[in-house]
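Asks: After the sequence you'll find the predicted model.
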Number of protein chains: 4
Amino acid sequence: MPEKVEALFSTTAMDNVFSHEAHVRGILAFEAALARAEARAGIIPQDAAHMIEESCKVELFDVAAIYQEAKIAGTPAIPVIRMLTAHLKGDAKRFVHWGATSQDAIDTAMMLQARGGIDLLMQGMLDVCDECAKLAEQYRETVMAGRTLLQQAVPITFGLKAARWLSMAVRQVHELHERRKHSLAVQLGGAAGTLAALGEHGTQVMDLLADELGLPAPELPWHSERDRVAEIAGTLGIVAGAMAKVASDVALLMQTEVGEVTEGTVAGKGGSSAMPQKHNPVDATFAIASARMALGEVPLILAGMMQEHERGVGGWQAEWEALPGLFRYTSGAVEHVKEMVSGLVINHDRMSENLGATQGLIMAEALTMALAPHTGRTEAQRIVKSLCDRAIELGMHLRQVAQEDRDVSGFLKLEEIDRVFDPASYLGSTNVFIERALEAYREASTLEDGI
Amino acid sequence: MPEKVEALFSTTAMDNVFSHEAHVRGILAFEAALARAEARAGIIPQDAAHMIEESCKVELFDVAAIYQEAKIAGTPAIPVIRMLTAHLKGDAKRFVHWGATSQDAIDTAMMLQARGGIDLLMQGMLDVCDECAKLAEQYRETVMAGRTLLQQAVPITFGLKAARWLSMAVRQVHELHERRKHSLAVQLGGAAGTLAALGEHGTQVMDLLADELGLPAPELPWHSERDRVAEIAGTLGIVAGAMAKVASDVALLMQTEVGEVTEGTVAGKGGSSAMPQKHNPVDATFAIASARMALGEVPLILAGMMQEHERGVGGWQAEWEALPGLFRYTSGAVEHVKEMVSGLVINHDRMSENLGATQGLIMAEALTMALAPHTGRTEAQRIVKSLCDRAIELGMHLRQVAQEDRDVSGFLKLEEIDRVFDPASYLGSTNVFIERALEAYREASTLEDGI
Amino acid sequence: MPEKVEALFSTTAMDNVFSHEAHVRGILAFEAALARAEARAGIIPQDAAHMIEESCKVELFDVAAIYQEAKIAGTPAIPVIRMLTAHLKGDAKRFVHWGATSQDAIDTAMMLQARGGIDLLMQGMLDVCDECAKLAEQYRETVMAGRTLLQQAVPITFGLKAARWLSMAVRQVHELHERRKHSLAVQLGGAAGTLAALGEHGTQVMDLLADELGLPAPELPWHSERDRVAEIAGTLGIVAGAMAKVASDVALLMQTEVGEVTEGTVAGKGGSSAMPQKHNPVDATFAIASARMALGEVPLILAGMMQEHERGVGGWQAEWEALPGLFRYTSGAVEHVKEMVSGLVINHDRMSENLGATQGLIMAEALTMALAPHTGRTEAQRIVKSLCDRAIELGMHLRQVAQEDRDVSGFLKLEEIDRVFDPASYLGSTNVFIERALEAYREASTLEDGI
Amino acid sequence: MPEKVEALFSTTAMDNVFSHEAHVRGILAFEAALARAEARAGIIPQDAAHMIEESCKVELFDVAAIYQEAKIAGTPAIPVIRMLTAHLKGDAKRFVHWGATSQDAIDTAMMLQARGGIDLLMQGMLDVCDECAKLAEQYRETVMAGRTLLQQAVPITFGLKAARWLSMAVRQVHELHERRKHSLAVQLGGAAGTLAALGEHGTQVMDLLADELGLPAPELPWHSERDRVAEIAGTLGIVAGAMAKVASDVALLMQTEVGEVTEGTVAGKGGSSAMPQKHNPVDATFAIASARMALGEVPLILAGMMQEHERGVGGWQAEWEALPGLFRYTSGAVEHVKEMVSGLVINHDRMSENLGATQGLIMAEALTMALAPHTGRTEAQRIVKSLCDRAIELGMHLRQVAQEDRDVSGFLKLEEIDRVFDPASYLGSTNVFIERALEAYREASTLEDGI
C-alpha cells in the first residue's frame, strides 16, 4: 500500500480520521445504525439488528481486500456488505443493508468522518486562537512598521497584527461550527433516492438513522445534490487560506533584512545542508505548502457538483479522494501555524530599528494629518510629499526637514512636530481593535463545549 | 474599451452592477458617506460634507480617464479622489477622503456592488425556485426512470427530480441570505488599519459610515484578511455548481435517445448551421459554460487570501477582476437555468417508453424487496440477478421470467408479481420528499421581503 | 503511516515510483552520482566516492525516521545526508554532498522519479493507442449516430470515433516524449545557484553529474525557475484530460437508452448493492474521477511558479506533494481507460437501431446537400427544415415525406432520395481520417524504442 | 455592452485581437477562405467564391446584433452566416458555408486569433528578454545577497538573477514558438467530423483551406479533441507563472527594508492616497495580479477537454470566454513585467549594505568550504555553526570570531580568512551561467524573424 509525505503536510490525528480503515469503520457504523433504526421501526427483527451490530466491527474486516474488490465492484461498500453478510448467520443475514444503496453507506461514512475532521479543525483553530490572543495581549503596545504593498506605511503594533489574525481565525471557528451544525447530514435514499424499498417507512427510518448516528436528517436524499459537501469544502478552503495569510506574514517578518520575528528554535530546526548560519522558516513554509495543497482540492469538489441524474459518474467518486485530502492538508496548515505562533520569538529591537530606518518617512501621514486641519488634506499632502523628497535627497530626518520648513513652522510648533514623530502617539484605534478581537475570541471559546 | 461575450455568459443587470462606472459610483458613495459620517462625528464641517456629497455624482467623472490614470497610480481611487478634490471649492476641498486610504474606498465600493449582486442572484434563484416548485407540483406523479451512473435504476417521478433541484436551490438562497447578512462589511482602516488619522474617533466614524451605507461594521479593518470576500466567493461557486447540475440533467434528458424533456422552442433556438433537424440545448449549454467560468474564479479568490502584511501585492488587485467575473458568470448560470426550466417541455410518452425499454429490468429491486421478506435480502438479490440474466438472454420481460420461475412462485402469487412491475407502485417516499421540498421553498420565499 | 485509496485512482507501478522510499532512493542516487562526478573532476578522492556510492543504498536507511526528522529540518535531504555521513568512515565522511544543497538532491531525485513516471505513462498511453487502433480498424465501417450537443447529428462510424481518440492519444505520446527529452534536467546549484563551493569546477561537475544520471544538464540551475516542472505538469494534465474525454464518451454510450457499448464483463464488475440488473461503468467512472484529481494538481504546480528569490517558501515544497499526486492520478486515468477500451463490447444492433430511431431525421443534412446543388445551401436548408417539421408532426419517415414533396421531387428522383437515406453512403472522409490516424499511430509506436 | 478593467490587467493590442469584432472578422475570414478553397477544388463556382469573399468584411456586419442573436442560436456563427447570405445575390447566396458547420468557423476564427495572440506574446517576451539581457550584462558583477527561504544564503550577483529570469523567458519563447508551429490548426469537419457534405473532396478542401489561411491542416477534425487548445493554454499559463516569479522578486527587492531595486519613477506612479512618502510597486503588483488571473483560466480549459461525443455541451462554449481571457491576462502580465524591468533602478549601496548586515554570516558556507578540505565537510560545518552562534551571541563579525578561533587558525592563515570574507571571491560559476543565458538569448532572438 502506498505511503505519502503526510507527516509534513497533515497531522496523524487527521490521517487517522481519513484512513481506509476509518472509512470502512464508518460504513459499518452506517450498517449497524441502519439495522437498529429499522428494528426500532419494526421493519427488521431486533435480534437480527443486534447480530448485525455485533458484526459491524472493523477488526473483523480485511481492509486491503475490500479495496482490492472495490476496484471491480465500483465501490468499497459492496465488498463490505458482502463480507458482513458472510460473517452473519441465520436470520441476520437476511436483513443486512435493508433498503439502502452503496452510496447511502459511503456518504454517511464520509459525513461521520467529516464530523470528526471538523472537530479536529475546530480544536486546532481554537488553539491557534489561544496563541494569537496571547500575542495580541502581550504585544499590544509593541510598536512596529505597518506595511502596505510591502512598503513601510504607518506604525502599528504587533498586538494588532496578531489581533487581526485572531479575528479572522475566530470567524472561521464560527464557520466551522455552522458547517458542523448545518452541512452535515445522513444519507439514505435507497437505489435512486425514493426509499422505495422501505415502502411507507422511508422517512421514519431516515429520521431514526439520523438519531442513531447523531447526524442531522436531511429533507431529501442528496445523492447527486452535493451542495453540503461543497459548503464544507468552501469553509475548509477559507480556513486554509487564512492559515496561509498568517504563515506568509511570519515568513516575511523572518526575512534577514526584517528580522522582527523568528520561529522558536528546536535543535536542528530550519537548518541547511549547505549553510551553517541559516535559520529557515519551517512551520511557516509547511503551513503555506499545506494550505496551497488544501486550496487545490476545493475546486475539484465544487466542479464535481455537476453530477449526473440520481448518481454521478466520476464527480462523486473524485470526492472520495478530494475530501479526505482537503481535511488532511487543512489540518497540516492549522497544525503548522499553531506550532509557528506558539513558539514565535519577537525581536523588539529590530522592530524599533526598522521603524527608524526611513528617518521619519513612516510618520509622513502623521505629519500630513497634523497639518491638514490648517491647510486641508490635499495641500498638506502636497507639502509633506515635497518634504519627503527633500529628506530623501539630503539624507536628513523628515522631522528635521519639517522643523526647518517655513510652511510647516507657520502651522506647527517645534514640540508639536516632535510629538508627531513619536510612533506610539499615532496608533489611532489600535487598542480598541485589539480589545474587540479579544472579546470576539472570548465568546468563540465557549463554542468548544458545544462540540 | 474592450468588449466581451457577456451577453452569452452573464446578464445585463449584473454587468451593470459590476461595470467600471458602477465601481466609480461605489467609490463616490464611500467618499460621500465618509464625509457625512465625519460631519456627524464633528470631525469635519457639515458644509464641507454637504459639498463633497454634492460632487460625488458619477456623471461628473470621466470613467475612462480614471482607469487610464489608475494604471500609473496603482488604484482607481487615487484619480477619483484627485478629480473629486478638483471639483470642489474652498473648505470642502480640505476634507475629501479625510483619514481614509484608497483600499477603504475600493473595498467598500466592492461590498456595495456585492450587495447589489447578491440581491440579483437571490432574486434569480427565487425565480428558479418558483419554476422548480411548479415542476415538482405538476409532475409529482409523472413516473420516469431514475438513473444512477447513467444506467436505469428504479422509477422516480419527474416531480421528485424537480424537487431535488428545488431543495438545493432553496438551501443556496439561504446561504446567499447569510452572506448578505454576515459577510458584507464596510472597510475603514486608514493607511495601515489603525485609523490613526482619525485619532480617538476611529471606531465611531467606522460605525457611522456603516450606518450611512447600510452595511455591517466589522470588528476590525480587514485590508488583508479576506475571509469575507472568500465566503461570498465560496457561496457563489456553490450556486454556480448547483446550476450546472440542473443544466446537466436537462442536457442529458434532451439527448435524442432519451428525449424526455426539451428546452422551450423560440424560433431559431438551438438550430444548426449544418443540420436542419437539430434542436440543441441552448440555455443548458450556456448555463454549464457560465457555471464553469464562475467556478474558475473561486480558487483565484481563495488562493488570493495569502496577502502580505497590511495590504497585498497582487492578491488584492486580482479580486478587482475575479469577484466581478464571479458575479457575472454566476448570474449567467442562474439566468440560463431560469430560462431553461421556465420553458421546459416534458414528454410523458418518452418517459413511459424509456421506463419500459428494459422489459422490466428497472423493477428488479422491487422484485428483490418483494422476495426479501421470504428469503433474506442477499438470497433475493441472487435469485433476481439470475432472473435478470435469463430475461436478457431470452429477450423476455422480467415479469414473465419471474412468473414462470419456481423459486419465485413459491413465495409470490402471479398477481403479486404483476403488482411489483407497476412502476407507480414502487415510489416509496417520493411524495413526502416532494412535499418537504415544497415546504422548505414556501418558507424561503419569505426571505425575499427581507432583502 | 497513512494509506490512501490509491488502488482505485492510481496504479501500483506509479505508486512505487513516487513512494517515500523511491524519493529517498532518488536522493541517494544523486549523492552517489555527485560523488562519482566530483571524483571524475578530481575534486574528491576516488576512494571516497566509491565508499559513498556503496552506502547510498536505500535498504540501509530508515525511511520513516527520515520523514520524522524532515518535519524539523525542513527537508528530507538533511536527515538523509546526516545518516549517510554517519554510515561512512574515515575520509569518505568528509566528502558527502560536497558543494551541493538540499534542493539539488531533492529536485534531482524528483526528476529521476519524473523520468520513471513519464516512461510508465508513455507505455500506458501506447497501450491505449494499441487498443484504439484495433477499434479503429475493426469498426471502420460500423455506422453509428454522430452526436453534437448530445443530439443526433449525421452518421459516423465507431471506427472514426476510436480514430479520434487514437489521434489525440498519439499526439500526447509525442508530447510526453518531448517532455522526457527537453523538460527533465539535473539540479545542481549549491547554496544559492552559483556553485560557489565548487570554485572553478561548477559547470564541469554539473555536466558530469548529468552524464552519470543520464539526465540533461540545464544551462543554469533552476532552483526557483520552475518552468520545467510546470511543463511536465501541463502535459500530464492534458493526458488526463484526454483520458477523461474517452471515458466520458464510453459512459455516455453505455447509457441504458443508448446501449451502444459496454465495459467488458468480469464477474461482479459494475454491480449494485441495491439493483441486481445494473451493469455500471466502472473503469470509465474511475478514469473520469482519476482524471479530475489529476487536473486538480496542475494549477497548484503552475501557481507555484511564483517562488521567492533563490529558493521558494511553500511553492517549492507543495511540489513535493502535487507532482507525485499528478503522476499517480494520471496513471490511474490512463490505466482505467486502457482497461476500458481493451475490453469494450460493441453493440452493432443498438447502433443501427439508434440510427433509425429518428425516422430519417439524422439524414437531413444529407438531403440538404443533395438539394443544395439545385437550390443553393440556404434554400435547401429551408426546404428540409420544413420537411423535418412535417415528418415530426405526422410521425412519418423523412424519406417518405421527401419523396412525396413536390419541391424535392422536382430536383431528385425517388431512387436518388432512397440513396440519400443510406447512412453508409454519407460518410465523407471517414475512411481517410481513420487511415491518417492509423498512420500517425504507426509512426508513434517507434517512439517506444527510444525510451 | 459591458466594459472591464482591461486597461489594468491586459493590453490594448491583445484586447483588439480578442474583441467581439475580431472574432466575427475571424469567422468571416474562414468563410471567405472556405469559398476560395472550394472554388480551387472545383466544388463551387469561382464567381460565387469571389462574391462571398467580397462580402466577408467585418465592417458590413452589426457585431452587437450578432451576439444578440447568438444567445438564441447558440453560436455567433449562425447569425454571421445568415447575415452574410442576406448580403449576397444570385448564385453566391447558394454557396455560403458550403459543407461546413458552425464549429468549423468558430474554431478556425479562434485559431486565427490565437496566432495573433501568440505573436504578440512572443514579441512581448522577446522585449522582456532584451531588458533582462541588458540587466544581466550590466550587473554581471554587482554582488548582492542570494536568498533562500527568504533568508540570506550566499552572495550572488544581480546579473545572475536577471540571467535566470532571462533563461526562463527564453525557454518560454521557444515554447510559444512550438505552439505556434504545432498546436494551431484549421478546423473543418462538417456536421459531425466526417466532412460528408463534401463527398470525396473533404481532405482536399481542408488542405486548401489551411493553405489559404496559413494555418496547419490537422490529420483529423478536432471538434471535441481539444488537446491543441489545452497545449496553448498550458504554455500561456507557464508564461504567466514565469512573469509572476519575476514580478515577485522585484516586489520583494523593493521592500523598504531591502530597498535594492525600485520601479522607475513616472510622476504619480505608485503613490498613495494616504501616505505621501510611499513608492509602491505598481507594475509588479499588476503583473502578479494579471498572472494570477491568467493562471485561473488554464484549469478551465484543461478540465473542459472532457467534451461529449462529436461536439461538447458547455466545455467548448466555455473556451470562447476562457481562451480570450487567458491571452488577455497573460499579455497583461508580460506587459507589466516589460515595463517593470525596462525602468528598473538598481541600488548598489543597499545591495552592499544588506550583504554586510549579518556581519559576515552570509559567508559561513565560504568559510566551511575553506575548512572542509582540512576537516571534511561535516566537521567543517559543525565548527562554523558554532562560530556563527558565537558571533551572534557576542555581536561580533564572523571573520573576527574565525580569526580568533584556534580550530580555524590551525588550518587557515589570517589573510586566507580575510579572503574568504570577500563576497566577490565566492561567486563560483556565476559568470559562466550569465554567459550561457546570454548565449541562449542570442539564439532565441532569431526566432522573431520566423514569425
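Replies: Good, I have the coordinates. Numbers count the residues shown, from 1 in each chain, chains lettered A, B, ... in the order given.

Asks: Check which helices and strands the helix or strand hosting residue A:30 sits against.
Replies: Here residue A:30, judged by DSSP states H and E, is contained in helix A:20-40. Under the contact criterion of 3 or more C-beta pairs under 8 Å, 6 or more residues apart in numbering or on different chains; DSSP states H and E, helix A:20-40 touches helix A:46-55, helix A:63-73, helix A:77-87, helix A:102-138, helix A:202-213. (Glycine included, C-beta is placed from N, CA and C.)

Asks: I'd like those as TSV, with distance to residue C:432 and mean neighbour count appended.
Replies: TSV is the format used below for the helices and strands packed on helix A:20-40 (distance: least, C-beta to C-beta, whole Å; neighbours: other C-beta atoms under 10 Å in any protein chain shown):
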stretch	distance to residue C:432	mean neighbour count
helix A:46-55	62	19
helix A:63-73	40	18
helix A:77-87	46	21
helix A:102-138	46	23
helix A:202-213	57	21
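
Asks: closest one to chain B among the ones you listed?
Replies: Counting by C-beta to the nearest C-beta, chain B lies closest to helix A:202-213 out of those; the figure is 3.4 Å.

Asks: picking that back up, now do the helix holding residue A:30 against helix A:202-213, angle only.
Replies: Put simply, helix A:20-40 runs at 130 degrees to helix A:202-213, going by axes from the mean of the first three to the mean of the last three C-alpha atoms, to 10 degrees.

Asks: Show me how far helix A:20-40 is from its chain's centre.
Replies: Computed by C-alpha atoms, centre = their mean, to the nearest Å, the chain-centroid distance of helix A:20-40 equals 29 Å.

Asks: rewinding a little: possible to save the helices and strands packed on helix A:20-40 as TSV with mean pLDDT and distance to residue B:44?
Replies: Converted to TSV, those look like this (pLDDT from 0 to 100; distance: least, C-beta to C-beta, whole Å):
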stretch	mean pLDDT	distance to residue B:44
helix A:46-55	96	72
helix A:63-73	92	69
helix A:77-87	95	68
helix A:102-138	98	32
helix A:202-213	97	58
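
Asks: sorry, back to before: could you check the angle helix A:77-87 makes with the helix holding residue A:30?
Replies: Going by the same axes, to 10 degrees, helix A:20-40 makes 60 degrees with helix A:77-87.

Asks: angle of helix A:20-40 against helix A:102-138?
Replies: Going by the same axes, to 10 degrees, helix A:20-40 makes 120 degrees with helix A:102-138.

Asks: Residue B:319 is nearest to which of the helices and strands packed on helix A:20-40?
Replies: Checking the helices and strands packed on helix A:20-40 against residue B:319 by C-beta to C-beta gives helix A:102-138 as the closest, at 24.0 Å.

Asks: anything in that closest one near chain C?
Replies: Yes: interface with chain C: helix A:102-138 contributes A:102, A:105 (C-beta under 8 Å from any C-beta of the partner chain).

Asks: I'd like the next helix or strand past that helix.
Replies: Criterion used, DSSP H and E; the element after helix A:102-138 is strand A:143-148.

Asks: Which elements pack onto that next one?
Replies: For strand A:143-148, the contact count by 3+ C-beta pairs under 8 Å, 6+ apart identifies strand A:151-157, helix A:348-356 as packing neighbours.

Asks: how about low-confidence regions in the stretch 301-450 of chain A?
Replies: Counting by pLDDT under 70, the stretch 301-450 of chain A has low-confidence residues at A:448-450.

Asks: Could you rerun that using 80?
Replies: Residue ranges of the stretch 301-450 of chain A with pLDDT under 80: A:447-450.

Asks: How about the residues of it by chain C?
Replies: So the stretch 301-450 of chain A meets chain C at A:303-304, A:313-315, A:317-318, A:320-322, A:324, A:328 (C-beta under 8 Å from any C-beta).

Asks: Take those residues and lay them out in a markdown table including neighbour count and secondary structure.
Replies: Formatted as a markdown table, those follow (neighbours: other C-beta atoms under 10 Å in any protein chain shown; DSSP: H, G, I helix; E, B strand; the rest coil):
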| residue | neighbour count | secondary structure |
| --- | --- | --- |
| A:303 | 28 | helix |
| A:304 | 27 | coil |
| A:313 | 27 | coil |
| A:314 | 27 | coil |
| A:315 | 26 | helix |
| A:317 | 26 | helix |
| A:318 | 27 | helix |
| A:320 | 21 | helix |
| A:321 | 25 | helix |
| A:322 | 26 | helix |
| A:324 | 27 | helix |
| A:328 | 26 | helix |
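
Asks: looking at the helices and strands packed on helix A:20-40, which is closest to residue B:269?
Replies: helix A:102-138 (36.2 Å).

Asks: now that closest one against helix A:63-73, angle please.
Replies: Using the same axes, to 10 degrees: helix A:102-138 against helix A:63-73 is 120 degrees.

Asks: what's helix A:102-138 packed up against?
Replies: Secondary elements touching helix A:102-138 (3+ C-beta pairs under 8 Å, 6+ apart): helix A:12-17, helix A:20-40, helix A:77-87, helix A:158-182, helix A:202-213, helix A:227-253, helix A:315-342, helix A:430-445.

Asks: neighbours around the nearest residue to residue A:246 once chain neighbours are set aside, how many?
Replies: Sequence neighbours aside, residue A:165 is the residue nearest to residue A:246 in space, at 4.9 Å (criterion: C-beta to C-beta, 6 or more residues apart in numbering or on different chains). Counted with other C-beta atoms under 10 Å in any protein chain shown, the neighbours of residue A:165 add up to 27.

Asks: Same question for residue A:353.
Replies: Neighbours of residue A:353 under the rule other C-beta under 10 Å: 13.

Asks: gap between it and chain C?
Replies: Counting by C-beta to the nearest C-beta, to the nearest Å, the gap from residue A:353 to chain C is 22 Å.

Asks: Can you tell me how far that residue is from residue A:257?
Replies: According to C-beta to C-beta, to the nearest Å, residue A:353 and residue A:257 sit 11 Å apart.

Asks: Identify the contacts common to those two.
Replies: Shared contacts of residue A:353 and residue A:257 (C-beta atoms under 8 Å, 6 or more residues apart in numbering or on different chains): none.

Asks: that older thread, winner for burial among the helices and strands packed on strand A:143-148?
Replies: strand A:151-157 (a mean of 28; mean count of other C-beta atoms under 10 Å in any protein chain shown).

Asks: Tabulate the helices and strands packed on strand A:143-148 in a markdown table, adding columns for distance to residue B:427.
Replies: A markdown table is the format used below for the helices and strands packed on strand A:143-148 (distance: least, C-beta to C-beta, whole Å):
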| stretch | distance to residue B:427 |
| --- | --- |
| strand A:151-157 | 64 |
| helix A:348-356 | 70 |
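
Asks: Got phi/psi on residue A:358?
Replies: In terms of degrees, to the nearest 10, the main-chain angles of residue A:358 are phi -100, psi 10.
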